[in-house]
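**Q** The following block contains a protein sequence and its predicted model.
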Amino acid sequence: MASSTENSDETFPSADIAAELNPGNNTEVQVDPISSEVAASKEIKEEATDKQKKKQIEKKEYLDKLKSAIIISSIVVALAGAAFAITKKLKEK
């Protein structure tokens, strides 16, 4: 069986005591690459879903406006037709 000194490459790296005790003096930012990739991919997914939701909302608003315009124009045409029919009946009498 091997001693712990022989397998020193398999143990945890030694801690920097000065940096741990004085975190204000540590100017080197240490970033976990896996965590930053996960956060970046999560942010990209959130932005994509936000854009998709925004497009769906805009599409719904556009369709609602179009629907309102069609309904209003059909009412105007119906009223114009009714007015034309009434004036025609009045002229006949």
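**A** Arrived safely.

**Q** Every contact and neighbour count from this point should use C-alpha atoms.
**A** Will do.

**Q** Nearest residue to the middle of this structure?
**A** Here the mean C-alpha position of the chain is nearest to the C-alpha of Asp50 (Cα atoms, centre = their mean), at a distance of 1.4 Å.

**Q** could you dump the lowest-mean-pLDDT helix or strand in the chain to PDB, C-alpha only?
**A** Every helix and strand of the chain was ranked by mean pLDDT, DSSP states H and E. The lowest is helix 17-21, at a mean of 76. Provided in PDB are the C-alpha atoms of helix 17-21 (Å, rounded to 0.1, in the frame of the first residue of the first chain):
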ATOM      1  CA  ILE A  17      -3.600  30.900   3.700                       C
ATOM      2  CA  ALA A  18      -2.800  34.500   3.200                       C
ATOM      3  CA  ALA A  19      -5.500  34.900   0.500                       C
ATOM      4  CA  GLU A  20      -8.000  33.000   2.700                       C
ATOM      5  CA  LEU A  21      -7.400  35.100   5.800                       C
END
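
**Q** that older thread, distance from the chain centre to the helix or strand the residue nearest to the centre of the chain falls within, please.
**A** Take DSSP states H and E as the rule and Asp50 turns out to sit in helix 33-92. Between the centre of helix 33-92 and the centre of its host chain there is 20 Å, according to Cα atoms, centre = their mean, to the nearest Å.
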